[in-house]
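S.K.: pasting a predicted model and its sequence here:
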Protein chains: 2
Amino acid sequence: MTEIQTEKMTSAEWELMRIVWTLGHAGSREVIEIIQRKREWSESTIKTLLGRLVKKNLLATTKEGRNFVYHATIPEQTAMNDTVNDLFASLCNMKKGITIIELIKNSTLTKTDIESMQKVLEKKLSDAPDKVECDCVPGAAMNCK
Amino acid sequence: MTEIQTEKMTSAEWELMRIVWTLGHAGSREVIEIIQRKREWSESTIKTLLGRLVKKNLLATTKEGRNFVYHATIPEQTAMNDTVNDLFASLCNMKKGITIIELIKNSTLTKTDIESMQKVLEKKLSDAPDKVECDCVPGAAMNCK
DNA sequence: TCGGTACGTTTACATTTGTCAACAAAAAAA
DNA sequence: TTTTTTTGTTGACAAATGTAAACGTACCGA
């Protein structure tokens, strides 16, 4: 029942998470110092955010000596995938493809990324449908054509 | 100064926008009726949402006879791209590629989409970098490797 | 041992968002 | 013309979010 809802991560919280994910685990002091290299958040603010992340089960703590060490409860990749899938779930079905294409155009991808992507696409092509239905206006004649 | 901030569109609001985008323009009655085929939102709630969208400049109105006709101020595709780009801007640079790959795996794409995508990738491959830097922990030795 | 520190917890407060009910003006119906 | 319905506007309220000060307490250096 200790479900971890990725959607409950706000943008401010994402920033803290990224640090913890990257370091593997970190003390509040570390997180505070690092975040402040980019953001003008007060120490207080960051402590509050850390607390909320723990309450949301996105971070867990371990008592290390006198202080706490924070560590993520889910892998970064999982969180990213969940969040992205979640967003796409709210977009018009028919236009997801074009949107991904735009995304690709706007992204800096490594050769390796591109090659993996090509493989995935190659594989998908065979049993890809000719068209996907739009459902923007449920149960109606009118819909994205 | 009448800026249209896509990021200010909440998930509830997206649902209304999709309907307006699809229909091109619509009266409140239409929107209400259509939304209620999926959501148990009261008429009041929907009216409030419409009002907020107008205030946010995401919808504009035209007096048609006695009522208003709502129409979007930005194209759906623009909104989708902005939103997606916005989300990706907050993800670890290094992992965007893999995340897009996962996204593709989870998406239903038409043959046409896939083919366009392949073309874009083909074009990008030539001058794609061998690797992109992570900046999860600004100005630090430790970072995603 | 005692005052200063560092750290986690509590409180606090303005906005935004999700959800609605109550209104007022205008139109349609009776 | 009186009544009813429709439609947009206001006001409300709880929960979530951004932002931060105040506390209590355990520890550390003097």
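M.R.: Noted; the coordinates are in hand.
S.K.: now do the longest helix along chain A: which elements does it pack against?
M.R.: The residue-count maximum for a helix in chain A (DSSP state H) belongs to helix A:111-126. The contact analysis (3 or more CB pairs under 8 Å, 6 or more residues apart in numbering or on different chains; DSSP states H and E) places helix A:111-126 against helix B:96-106, helix B:111-126. The C-beta positions use only the backbone N, C-alpha and C, and glycine is treated the same way.
S.K.: mind redoing it with 10 Å?
M.R.: When contacts are defined as 3 or more CB pairs under 10 Å, 6 or more residues apart in numbering or on different chains; DSSP states H and E, helix A:111-126 sits against helix A:96-106, helix B:96-106, helix B:111-126.
S.K.: tell me where chain A has helices.
M.R.: Counting by DSSP H, the helices of chain A are A:11-23, A:28-35, A:43-55, A:76-89, A:96-106, A:111-126.
S.K.: how big is the angle separating the shortest one from helix A:11-23?
M.R.: Angle, helix A:28-35 to helix A:11-23, by axes from the mean of the first three to the mean of the last three CA atoms, to 10 degrees: 110 degrees.
S.K.: which parts of helix A:28-35 are buried?
M.R.: Buried residues in helix A:28-35, counted by 16 or more other CB atoms under 10 Å in any protein chain shown: A:28, A:30, A:31, A:32, A:34, A:35.
S.K.: does any part of it sit near DNA strand D?
M.R.: No. Applying CB under 7 Å from any atom of the strand, one finds helix A:28-35 separated from DNA strand D by no less than 10.5 Å.
S.K.: may I have that helix as CSV, with CA atoms only?
M.R.: Taking Å, rounded to 0.1, in the frame of the first residue of the first chain, the C-alpha atoms of helix A:28-35 are listed here in CSV:
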residue,chain,number,x,y,z
SER,A,28,20.4,17.7,3.6
ARG,A,29,23.5,19.9,3.7
GLU,A,30,24.7,18.6,0.4
VAL,A,31,21.3,19.0,-1.2
ILE,A,32,21.0,22.5,0.1
GLU,A,33,24.3,23.6,-1.1
ILE,A,34,23.9,22.1,-4.5
ILE,A,35,20.5,23.4,-5.1
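S.K.: gap between residue A:108 and residue B:128?
M.R.: Shown here: residue A:108 relative to residue B:128, a distance of 8 Å by CB to CB, to the nearest Å.
S.K.: contacts only, for residue A:127.
M.R.: Residues in contact with residue A:127, defined by CB atoms under 10 Å, 6 or more residues apart in numbering or on different chains, are residue B:111.
S.K.: many thanks, I have nothing further to ask.
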